[in-house]
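> give me the fold of what follows.
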Amino acid sequence: SYHVSAVLPRQQMYLQLTLVLSISLGIIQAVDRSNFKTCEQSAFCSRQRALRPGQSSYRALLDTLELSDSRLTLQLLNNNNKVRLLLELYRLQGNITRVKINELKPIKPRYEVPDVLITDPPTEPMSVVAQDERGVVLSLGGVDRRLYVNAQPFRLDIMEGPKLVLSINSRGLLAFEQLRMRKDTISHKITSTVGSMWDKIKNLGVALPSKAFIILFSPSPILPTLHLTPLTLQASEGEEQEMEVDQPGMWEETFKSHVDSKPNGPSSISLDFSLPGVEHVYGIPEHADSLRLKNTDGGDPYRLYNLDVFQYELFNPMALYGAVPVLLSHNTHRTTGLFWLNAAETWVDISSGQVGLCGRTDGSGEVPQTDVRWISESGIIDVFIMLGPRPADVFSQYASLTGTQAFPPLSSLAYHQSRWNYNDQEDVAAVDRGFDEHDIPYDFIWLDIEHTDGKRYFTWDKNNFPQPKDMLQGLMDKRRKMVTIVDPHIKVDSSYKIHSEIRSRGYYVKNKDGGDYEGWCWPGNAGYPDFTNPEMRTWWASMFAYDQYEGSMENLYTWNDMNEPSVFNGPEVTMLKDALHGPWEHRDVHNLYGLYVQMATAEGQIRRSGGLERPFVLSRSFFAGSQRYGAVWTGDNSAEWGHLKMSIPMCLSLGLVGISFCGADVGGFFKTPGTELLVRWYQAGAYQPFFRAHAHLDTPRREPWLFGPDNTALIREAVRQRYALLPYWYLQFYQAHRTGQPVMRPLWVEYPEDVTTFTIDDGYLIGRDLLVHPVTDEGSRGVTVYLPGNGEVWYDVHTFQRHDGALHLHIPVTMSTIPVFQRGGSIICRKNRIRRSSSCMENDPFTLYVALDPQGNAEGELYVDDGHTFKHETDRQFIHRRLRFTSNTLSSRSAPPPGNTIPFPTASWVEKVVILGAQEPKAVTLTSSGGGESSVEFEFDPVTLVLTLRKPDVNAGVDWTLQLQ
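Numbering: from 1, shown residues only. Coordinates of the predicted model:
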């Protein structure tokens, strides 16, 4: 949502906010970059980035090594200031290695991120394979997977046989700013002590015969000398510390008019990772940039710091609304992942395409390498190295840590109609009637902030929405639903129940002096609930009960906006970092805030139904693990062709890090789209996971029927295509929920050895079997689509024309064209009887589209449950069928093991089967589950090679076989 763009003096700010709330300001044309920091303006980022690659100042003290069944611990010593760190190494189940580094003896605890991991990750035993004075070799399972700990300089290397998979601190950029007392509160003198403890360390092991070990532990002759910027750190007892000087921004930092008091002083951390043989890395959303991450040398790093950035720029590493600190690397041999579990402001530097500092050459040339450096303001180093080796393995590994995408209600995968704002109950009813009159289906209508009583959430404007239950009942009668916005800034008003209860319970975030933190947002002066407090989250969830949220019903769902959190008069439009969440500063938890808001809201929806109904919650802000609680969208985009095009890599990046339920505001939030852009956006949005049209308060109305009958027809067709494919979308979300595989995925995920796919981000896959290449250029008369898969075939879903894989295909397009292809070898289920909402189609029949591969085979799945409850989990009530075509026989069999599910009754049946790439049979026979046989009508087109089987009329939940003779 739109907000004031500048930080203003209080009186001027109050006047401008009053204008916003009363008449709405005009739309700002572009983001004001001066409101947001660069790395140079961020003291800790600038300080850390001043450290240049070179030999690390840290060494491992091998005599401190301790190995248990679950972990290895080892102390690290900084040779410059003699400060010790504690290294913990874990071998986790599923080919994951965890590396933790913390202070050995911190003067106070450092923040460790809770609630993101779904469980304490199960470990597997590690064993010491070899050890001498140079280091230790640990087994990571298998015969050739090893972790090498090099002692001096400290460095970790993960090897598979002779191949180096990943190296940590090979560039010497490990830096850990210790918590310490401020110099003006303690003596400046540091007395000399006895000589280095290192001189007393004994040689612990035997010499290793391994040639690879010797090479690996040899100092690299090509590493430049490290020139460390002095950091003021606290020495360990009994060791000598060099005199160091405080730097600007360590103990207080000013940005514009905002002062960050930094009572704990400098606390930043940094670590580098080198990936030999890698040129392509992805992930670390959210950024409006290409799918493949770019080299940041000479520019700003990618920033991860949840911020309210309206009308954001494209192709920019600036932070946006969410942050998922997960990076994937990929080449033709391996996919790996790095999960940096830290919720503070984080910057990520990427240097690609260099000659490998830690790779090797095989005589055929230089080895490419990508180096990644993570820098965070506070907390500890806690990184999970997901070793794949396949893309699907990395997705499963990450899901084992943070969980899978929440399985959404089926209706939430349908079309959503929204704007800021629908004016009143009659306006809602008129829009609802408009969809019926123009034969366009929809499932949800949304209400933005104006529906409330003066921006008091959980309330209704009594003049414009006097009977909310009547409005909701009218929607329910048509089997439709509503979403209302509930933001996490609470109007400071003693007569407002929500505020009074939060204040009386002490649940607000506090300022550095202990009072309730207050800032400006939509209601004016607002408090910010401390969602990091589990008691606060429990109370918030209770407010969604039907007897608490007056006017709510079971078809009312929730939208959490502004939850970065957005603070109009705060630094960078967010909360002061020295605000307090219990014992922790906001700087420690910032990127978690939005996750906690969505978590509490989803829990509220579940609890209001007694634990029966699945929630639907849309959140603008997110972090690792947010996938467990609902959907996200790409925020306040613009009605521009570039923003339409950018919606694809933005959602692809989110899918790679677990968040599959992603979409963009169809038509663009800011500005007014032309009719061509609007139509093309509907066509693209219909093939993205979250499908919602949304618009700014100051834009003209843009319901789908307002642009002439031709454009209405084009939009109607795009929406109807979405509804026909809902069974396939629902299956993909079921699989994402079970396995962690992304719903919307880059081509390289399924074709990991095809280098052509590695940089494609204008086309993508839905699941394995649908390839989509939306038209995203103005005035386009044709698009070039890459169809992957050497020896595979693809079928145009509209014309059924067959195309070979592993080629670039030029397709002429008109305004009605949506280039979509079905993979040969797949079976996709559709419902072609489109009704006013998805719920109205519940018992309608299926049409199966069987796309044969060159060998004449195909397979697919069908999943059916009640579409809205948890009974698929609690009672195992669902239908999961495996469909297979081979040897001219199409069969349907139960996918789970027999007896694993309770029979789920469905009235849906198989109405038609369309076989692509077929031969004409002499006859077709249906054998049903009872053993009875019957003939089936068919029709064959010799030009398109399409065989249509009509009215087999068999229930979708039983076994059956169709035999082509």
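> verify the contact between residue 454 and residue 522 for me.
No: counting by C-beta atoms under 8 Å, residue 454 does not reach residue 522; the two are 9.5 Å apart. From N, CA and C alone the C-beta is placed, and that goes for glycine too.
> tell me which of the two has more neighbours.
Using other C-beta atoms under 10 Å as the criterion, residue 454 and residue 522 rank with residue 522 on top: 25 against 14.
> which pLDDT value does the model give the closest residue to the more buried one other than its chain neighbours?
Of all residues not flanking residue 522 in the chain, residue 455 sits nearest, at 4.5 Å (C-beta to C-beta, 6 or more residues apart in numbering). pLDDT for residue 455: 98.
> am I right that residue 544 falls within a strand?
No: judged by DSSP: H, G, I helix; E, B strand; the rest coil, residue 544 forms no part of a strand; its state is coil.
> that one: neighbouring residues, count only.
As a burial measure, residue 544 scores 25 neighbours (other C-beta under 10 Å).
> again, but for residue 914
Using other C-beta under 10 Å, residue 914 has 19 other residues around it.
> ok, residue 108 next?
Neighbour count for residue 108, taken as other C-beta under 10 Å: 8.
> show me what contacts the residue nearest to it when sequence neighbours are not counted?
Closest residue to residue 108 apart from its sequence neighbours, by C-beta to C-beta, 6+ apart: residue 179 at 6.0 Å. Residue 179 makes contact with 103, 106, 107, 108, 110, 234, 264, 265, 267 under the criterion C-beta atoms under 8 Å, 6 or more residues apart in numbering.
> ok, residue 566 next?
With contacts defined as C-beta under 8 Å, 6+ apart, residue 566 is in contact with 3, 308, 489, 521, 573, 574.
> secondary structure class for it?
coil.
> one step back: the residue nearest to residue 522 contacts residue 520, correct?
No: Residue 455 is beyond contact range of residue 520, at 11.5 Å (criterion: C-beta under 8 Å).
> roughly how far does residue 349 sit from residue 297?
To residue 297, residue 349 is 8 Å away according to C-beta to C-beta, to the nearest Å.
> neighbour count: these two, which is higher?
Ranked by neighbour count (other C-beta under 10 Å), residue 349 and residue 297 place residue 349 first, with 24 against 13.
> hang on, the more buried one in a strand?
Yes: counting by three-state DSSP, residue 349 falls inside a strand.
> show the subsequent helix or strand relative to the worst-scoring helix or strand of the chain on mean pLDDT.
Lowest by mean pLDDT, DSSP states H and E among the helices and strands of the chain is helix 211-217, with a mean of 32. Downstream of helix 211-217, the next assigned helix or strand under DSSP states H and E is strand 253-255.
> what about the residue lying closest to residue 911 once chain neighbours are set aside, neighbour count?
Of all residues not flanking residue 911 in the chain, residue 845 sits nearest, at 3.4 Å (C-beta to C-beta, 6+ apart). Neighbours of residue 845 under the rule other C-beta under 10 Å: 18.
> which residues sit in contact with residue 845?
Applying C-beta under 8 Å, 6+ apart, we find residue 845 in contact with 831, 833, 908, 909, 910, 911, 912, 956.
> equivalent analysis for residue 380, please.
Counting by C-beta under 8 Å, 6+ apart, residue 380 touches 100, 101, 102, 110, 111, 112, 269, 342.
> what do you get for residue 593?
306, 488, 531, 532, 563, 564, 565, 575, 621.
> do residue 864 as well
By C-beta under 8 Å, 6+ apart, the contact set of residue 864 is 727, 878, 879, 904, 906, 908, 956, 957.
> let me know the pLDDT of it.
97.
> and residue 441, by the same measure?
So residue 441 comes in at 98 (pLDDT).
> and residue 141, by the same measure?
Residue 141 carries a pLDDT value of 86.
> that one against residue 94, yeah?
No: using C-beta under 8 Å, residue 141 is not in contact with residue 94; the gap is 10.3 Å.
> before we move on, back to that, which of the contacts of residue 380 are buried?
Neighbour-count burial (16 or more other C-beta atoms under 10 Å) is assigned, among the contacts of residue 380, to 100, 101, 102, 110, 111, 269, 342.
> host element of the second one?
What it means is residue 101. Going by DSSP H and E, residue 101 is in strand 96-103.
> what helices and strands are in contact with that strand?
Under the contact criterion of 3 or more C-beta pairs under 8 Å, 6 or more residues apart in numbering; DSSP states H and E, strand 96-103 touches strand 84-92, strand 381-386, helix 391-402.
> so how far is the longest one off the chain centroid?
Using C-alpha atoms, centre = their mean, to the nearest Å, the distance from the centre of helix 391-402 to the centre of the chain it belongs to is 13 Å.
> ok, now the second one?
Computed by C-alpha atoms, centre = their mean, the separation of strand 381-386 from the middle of its chain amounts to 17 Å.
> in its sheet, what does that strand sit against?
strand 96-103 (antiparallel), strand 335-340 (antiparallel) (DSSP bridges).
> got the contact list for the shortest one?
Contacts with strand 335-340, where a contact means C-beta under 8 Å, 6+ apart, come from 165-166, 273, 275, 283, 325-330, 346, 372, 374, 376, 382-391, 393-394, 397-398, 401-402, 624, 752.
> residue ranges with poor pLDDT in the chain?
Scanning the chain for pLDDT under 70 picks out 1-29, 185-244, 354-365, 898-899.
> now with 90?
By pLDDT under 90, the weakly predicted segments of the chain are 1-32, 69-70, 141-144, 183-246, 310-311, 352-367, 896-903, 929-932.
> next, residue 739: phi, psi?
Backbone torsions of residue 739, given as degrees, to the nearest 10, read phi -120, psi -20.
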